[in-house]
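A.B. asks: With the sequence up front, the predicted model follows.
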Amino acid sequence: MQFDRRSSLWHMIAAPIAWSLHFCVVYGWTASVCARGWDAGTARLGIAIATGLAIAFIAAIGWHAWKQWDYLDDFDYEHDGPSVEDRREFLGHAGWLLALVSLIGVLFNASPALFISSCV
Amino acid sequence: MTLPVRAIAALVSLALLGGCDGVQSVLSPGGRDAQVIATLFWWMLGGAVILWLLMNGLLVYVTRIDQRAMSQRTAEALIIGGGIVFPTVVLAGLLAFALSEMPRQRDPGTGLTVRVTGESWWWRVEYLKDGATAAVVSANEIRLPAHQRSEITLNAHRVIHSFWIPALGGKTDMIPGRETRMSLEPTRAGEFRGQCTEFCGESHALMAFGAVVMEPEAFDAWLAKEAEPAAPPEGEAARRGQAIFNAEGCGACHAIRGTAATGRVGPDLTHLGGRVSLAAGILPMTEDALIRWIRDPEAVKPGARMPAYDHLGDGDLAALAAYLEGLT
């Protein structure tokens, strides 16, 4: 497989970007819904949809990064050599860890909607 | 440590501990919500101390006691277990506990609604019992019955404030043009203190109030009395004080129910003498304090809207204070 350096960099930061977008969308949406006096259920539905989309996207990115890291192939997590393979595996490794922390962040961001059912 | 340093350290820690035991401390709870917050605080403090000891113990161990290289497996287990899994689980647990507690602390009240409006720099307070048609108007003091959750609705006039009785529960902002709400469930009778906790102008720090929790029967008796008009002044000085009150036009801003004074600009004074404090929690309810306040409010509370009555002689001020103190 031809290794595309540019797209790999984007893949590495895609998950944290999804996390930050999810944060903005969820907070903005909830504030808008509550300010308009709409039903809090509407806010929770929107949060559920945004969270589902974010998790699906982050999972896809994480899976892609996991494949790129190729850990199970050689159990190699040191990528400090000046080779294309090390660079590819390093970016995959970093991307996978960032996807993991982004997933936790998205779940934490969304968790208030599980417990709090009203705007006031 | 030298002796003075040790003495200073001891004094500082005494002073800090003193803050935990006051009428305005979440660590000396008098309500269910504050109790939960205090418990959570002690758990988190204990956890933080243990973590601090573990981390520093580990640091000492690997740098001083056993300096051999750690196996890669142990190092990985430490980093992944201690650096990722452990904090994620602990934070998720704390988050879940805090989030499940938040709606409980805002459960609707039963029986009593207290409407509080933040003014500059005092509190307009109105009590509305379930089924009552008219609110009982008071000011600068919150009284609540113990063992039940009371509803508190919050408003603000002109600028933002925030309502907080640390010993009873959390705080809620007061926003002009928007009603916010909270509820409190005191668990023991006692005198506590509340404080404005959102900067609102030059006397923000002097905007406090007494918070008195009473047993339900005592509260009902108090509220019934608070709803009554003011008793006529007793004694020569108090009668003269009332005449001065009327002559000076105090009733343009203050209301004393049962008299000609019906002003709504300043705090209601109908049962002023029955309150635990004067001038929104910053002076004791004594004749001397009343004289000091009326003579020059600005000196006590910078920016206070009430004008100074320093043209009144000592005798007149004393009579006025006697009248007001008698309004129990």
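C.D. replies: Here it is on my side, so go on.
A.B. asks: mind listing what the residue of chain A found nearest chain B touches?
C.D. replies: Nearest to chain B, among the residues of chain A, is A:Phe115, at 3.9 Å (CB to the nearest CB). Where C-beta positions appear, they are placed from N, C-alpha and C, glycine not excepted. A:Phe115 makes contacts with B:Ala96, B:Leu99, B:Ser100, B:Met102, B:Pro103, as judged by CB atoms under 8 Å, 6 or more residues apart in numbering or on different chains.
A.B. asks: now the helices for chain B?
C.D. replies: For chain B, applying DSSP state H gives helices covering B:3-18, B:32-60, B:72-77, B:86-105, B:216-227, B:236-247, B:287-295, B:297-300, B:314-325.
A.B. asks: Point out the most buried one among these.
C.D. replies: Among those, helix B:314-325 has the highest mean neighbour count (mean count of other CB atoms under 10 Å in any protein chain shown), at a mean of 21.
A.B. asks: tilt between that helix and helix B:236-247?
C.D. replies: Using axes from the mean of the first three to the mean of the last three CA atoms, to 10 degrees, the direction of helix B:314-325 lies 90 degrees away from that of helix B:236-247.
A.B. asks: So which elements touch helix B:314-325?
C.D. replies: helix B:236-247, helix B:287-295 (3 or more CB pairs under 8 Å, 6 or more residues apart in numbering or on different chains; DSSP states H and E).
A.B. asks: Tell me the secondary structure at the residue of chain A most remote from its centre.
C.D. replies: Centroid-distance maximum for chain A: A:Gly37 at 30.6 Å, with CA atoms, centre = their mean. Following DSSP: H, G, I helix; E, B strand; the rest coil, the label given to A:Gly37 is coil.
A.B. asks: Chain neighbours aside, what residue packs nearest to it?
C.D. replies: Leaving aside its chain neighbours, A:Gly37 sits nearest to A:Cys119 (7.9 Å; criterion: CB to CB, 6 or more residues apart in numbering or on different chains).
A.B. asks: Contacts only, for the one you found.
C.D. replies: So A:Cys119 contacts A:Val33, A:Cys34, A:Gly37, A:Ala40, A:Ala43 (CB under 8 Å, 6+ apart).
A.B. asks: for chain A, what are the low-confidence residue spans?
C.D. replies: Along chain A, segments meeting pLDDT under 70 span A:1-7.
A.B. asks: for it, what spans make up the helices?
C.D. replies: A:5-35, A:40-69, A:71-74, A:84-110, A:112-115.
A.B. asks: Which one, of these, ends up nearest to B:Val125?
C.D. replies: helix A:5-35 (27.4 Å; CB to CB).
A.B. asks: quick check: angle from the closest one to helix A:40-69?
C.D. replies: In terms of direction (the same axes, to 10 degrees), helix A:5-35 departs from helix A:40-69 by 170 degrees.
A.B. asks: Briefly note if helix A:5-35 comes near chain B.
C.D. replies: No. If you take CB under 8 Å from any CB of the partner chain as the test, helix A:5-35 misses chain B, and the best it gets is 10.1 Å.
A.B. asks: Tell me the residue of chain B that sits nearest chain A?
C.D. replies: Ranked by CB to the nearest CB, the top residue of chain B for proximity to chain A is B:Leu99, at 3.9 Å.
A.B. asks: list the contacts for that residue?
C.D. replies: A:Ser111, A:Pro112, A:Leu114, A:Phe115, A:Ile116.
A.B. asks: one more time with 10 Å
C.D. replies: By CB atoms under 10 Å, 6 or more residues apart in numbering or on different chains, B:Leu99 lies in contact with A:Ser111, A:Pro112, A:Ala113, A:Leu114, A:Phe115, A:Ile116.
A.B. asks: Can you say which of these are buried?
C.D. replies: Buried subset of those (neighbour count, 16 or more other CB atoms under 10 Å in any protein chain shown): A:Ser111, A:Pro112, A:Ala113, A:Phe115, A:Ile116.
A.B. asks: Could you report the neighbour count for residue 22?
C.D. replies: Defaulting to chain A. The number of residues packed near A:His22 is 23, by other CB atoms under 10 Å in any protein chain shown.
A.B. asks: Actually, chain B is the one I wanted.
C.D. replies: Neighbour count of B:Gly22, defined by other CB under 10 Å: 13.
A.B. asks: Let me see the confidence value for it.
C.D. replies: For B:Gly22, the pLDDT comes out at 83.
A.B. asks: ok, now B:Gly18?
C.D. replies: Looking at B:Gly18, its pLDDT stands at 54.
A.B. asks: same deal with B:Lys301?
C.D. replies: 95.
A.B. asks: wait, isn't it in contact with B:Arg292?
C.D. replies: No. Contact between B:Lys301 and B:Arg292 fails when scored by CB atoms under 10 Å: they sit 11.0 Å apart.
A.B. asks: Are there residues contacting both of the two? Which ones?
C.D. replies: Contact with both B:Lys301 and B:Arg292 is made by residues B:Ala279, B:Leu283, according to CB under 10 Å, 6+ apart.
A.B. asks: Could you check how many residues crowd around the residue nearest to B:Ile165 when sequence neighbours are not counted?
C.D. replies: In space, and not counting its chain neighbours, B:Ile165 is closest to B:Gly194: 4.0 Å by CB to CB, 6+ apart. B:Gly194: 26 surrounding residues under other CB under 10 Å.
A.B. asks: distance of B:Gly194 from B:Val36?
C.D. replies: According to CB to CB, to the nearest Å, B:Gly194 and B:Val36 sit 19 Å apart.
A.B. asks: Any regions of chain B where pLDDT drops low?
C.D. replies: Low-confidence regions of chain B, defined by pLDDT under 70, span residues B:1-21.
A.B. asks: Around chain A, pick out the residues from it.
C.D. replies: B:76, B:84, B:87-88, B:91-92, B:95-104, B:106, B:179-182 (CB under 10 Å from any CB of the partner chain).
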